[in-house]
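Participant: got a predicted structure here, sequence first:
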Amino acid sequence: MPDHLVPAPKLVWQNDYYTVLIDAQLGIVWNVRSSKPFASLDELDTMMGAVVSYMEGLDRPRYSLLLDIRAGPGRNDPEFEAAISRLRRRWFHGFRRIGILVQTVVGAMQAQRYARQDGIRRMITSDEAALLRYLTQP
């Protein structure tokens, strides 16, 4: 990766489940999912809601969003699906570009299904360098 694309994000917000970093030079907001599973749907609503609330304070058109879910535990039960669908549009709305960094084919398939449901374009890949190139395009 060229030196000018080596990310230098700064930590701006964190809980046990998500870390938010901003790379002002690249114009990327990173959301990194931890490996800690949600203990309950109430906890999921609270903790994901906190990330979404923080993100609403950003100047979204200025940034691309990189959601790194590689460490996140896989889950697709109907209750989980319903809970995150309530938050996804608020989470992703308004960014220049959106990229999802996945670890597995199953994770990519789930993210692609969400993209179709949301109607919000995003790149989904396990190739971090390709994702950074996409997110930093003018």
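Facilitator: Nice, thanks for sending it over.
Participant: got a list of contacts for stretch 19-26?
Facilitator: 5, 7-14, 28-32, 34, 51, 54-55, 58, 63, 132, 135-136 (C-beta atoms under 8 Å, 6 or more residues apart in numbering). The C-beta positions use only the backbone N, C-alpha and C, and glycine is treated the same way.
Participant: again with stretch 76-84
Facilitator: The contact list for stretch 76-84, computed with C-beta under 8 Å, 6+ apart, reads Leu41, Leu44, Asp45, Met48, Gln110, Tyr114.
Participant: test my guess that the fourth one contacts Arg88.
Facilitator: No - counting by C-beta atoms under 8 Å, Arg88 is not a contact partner of Met48; they are 9.3 Å apart.
Participant: so between those two, which is more surrounded?
Facilitator: Taking other C-beta atoms under 10 Å, Met48 and Arg88 do not tie; Met48 has more neighbours (22 against 16).
Participant: out of the contacts of stretch 76-84, which are inside helices?
Facilitator: Among those, the members found in helices (DSSP state H) are Leu41, Leu44, Asp45, Met48, Gln110, Tyr114.
Participant: which of those sit farthest apart?
Facilitator: Distance extremes for those: the farthest pair is Asp45 and Gln110 at 19.1 Å, using C-beta to C-beta.
Participant: more neighbours: which of these two?
Facilitator: Gln110 (19 against 15).
Participant: helix, strand or coil for Asn76?
Facilitator: coil (DSSP: H, G, I helix; E, B strand; the rest coil).
Participant: and it, how many neighbours?
Facilitator: By the criterion of other C-beta under 10 Å, Asn76 has 11 neighbours.
Participant: same check on Ile22?
Facilitator: 17.
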